[in-house]
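A.B. asks: with the sequence up front, the predicted model follows.
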Amino acid sequence: MSTEEKVPFAPVPSHGKLIAIVGPSGAGKDTLIDAARAEFAEHPGLVFPRRIITRESSSAEDHDTLSEAEFARIEAEGGFSLSWRAHGLSYALPREVRSATERGIHAVCNLSRSSLSEARERFRVNVVLVTAPAEVIAQRLAARGRESAEVIRARLARKVDREDALHPDLIITNDGPVEAAVDRLLAHLRAELSSSGRQAAE
């Protein structure tokens, strides 16, 4: 929950955006998205579509699961709004993202940094980069128990784009109280809704 006071909901935006929450595994993207989903659960201007991944669901990540064969079939039929590969897995955003943005609704999604270029070709994209120091990320990844120490070291050593190369609209350094990071994301989403509402009124 936000530590800020509740404010009245802004109007539904006139032009929907894909609000891409990006950053390294372990930075806390899903935690922030879950908090925003709860805060805006009844807001008509925001949706929080679940990603589709060829990996079993777990308590550490909220997503839908498909087999590789089923994923490939749906992808070939154009059944995803966006799809990409990372860490030996297949990822996608459901058709809901496209239909929501076409109706003027913002879709908040956990997105891979490698897929941003293609996303920008298909959507109006707003990028929120969530990051944290390497030692913090290493601790969080180890606590998940999903990857070996060797895999975690490889993740941390992997070369990634400089932050400014991603052209983020907001950078959240999530290395302190989670409430502070949540409040920054909530404020950003409110600002996006307010800005879109003003554009609709002009």
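C.D. replies: Received the coordinates, thanks. Given the structure is predicted, the values throughout are model-derived calculations rather than measurements.

A.B. asks: from here on, contacts and neighbour counts on C-alpha atoms
C.D. replies: OK.

A.B. asks: hang on, residue 81 in a helix?
C.D. replies: No - per DSSP: H, G, I helix; E, B strand; the rest coil, residue 81 lies outside any helix segment and is strand.

A.B. asks: quick check: it vs residue 132, distance?
C.D. replies: Relative to residue 132, residue 81 is positioned 29 Å away (Cα to Cα, to the nearest Å).

A.B. asks: which residue packs closest to the most centrally placed residue in the chain, ignoring adjacent ones?
C.D. replies: If you average the C-alpha coordinates of the chain and look for the closest C-alpha using Cα atoms, centre = their mean, you land on residue 110, 2.1 Å from that point. Taking Cα to Cα, 6 or more residues apart in numbering, and ignoring the residues beside it in sequence, residue 110 has residue 21 as its nearest neighbour in space, at 4.8 Å.

A.B. asks: contacts only, for the one you found.
C.D. replies: Residues in contact with residue 21 (Cα atoms under 8 Å, 6 or more residues apart in numbering) are 29, 108-111, 127-130.

A.B. asks: so, low pLDDT: which residues of the chain?
C.D. replies: 1-14, 57-62, 141, 144-149, 151-164, 197-202 (pLDDT under 70).

A.B. asks: so which residues of it form helices?
C.D. replies: Listed in chain order, the helices of the chain (DSSP state H) span residues 29-39, 68-76, 95-102, 116-122, 134-144, 149-157, 178-201.

A.B. asks: closest to residue 45 out of those helices?
C.D. replies: helix 178-201 (7.2 Å; Cα to Cα).

A.B. asks: buried sites along that closest one?
C.D. replies: Judged by neighbour count using 16 or more other Cα atoms under 10 Å, the buried positions of helix 178-201 are 179-186, 189-190, 192-194, 196-197.

A.B. asks: of all these, which comes closest to residue 36?
C.D. replies: Proximity to residue 36 was ranked across the buried residues of helix 178-201 by Cα to Cα; first place goes to residue 186, at 6.2 Å.

A.B. asks: now the residue nearest to that closest one when sequence neighbours are not counted: how far from residue 22?
C.D. replies: Once flanking residues are discounted, residue 186 sits nearest to residue 36: 6.2 Å by Cα to Cα, 6+ apart. Between residue 36 and residue 22 the distance is 15 Å, computed by Cα to Cα.

A.B. asks: looking at the two, which has the bigger crowd around it?
C.D. replies: Taking neighbours as other Cα atoms under 10 Å, residue 36 and residue 22 compare with residue 22 leading, 25 against 22.
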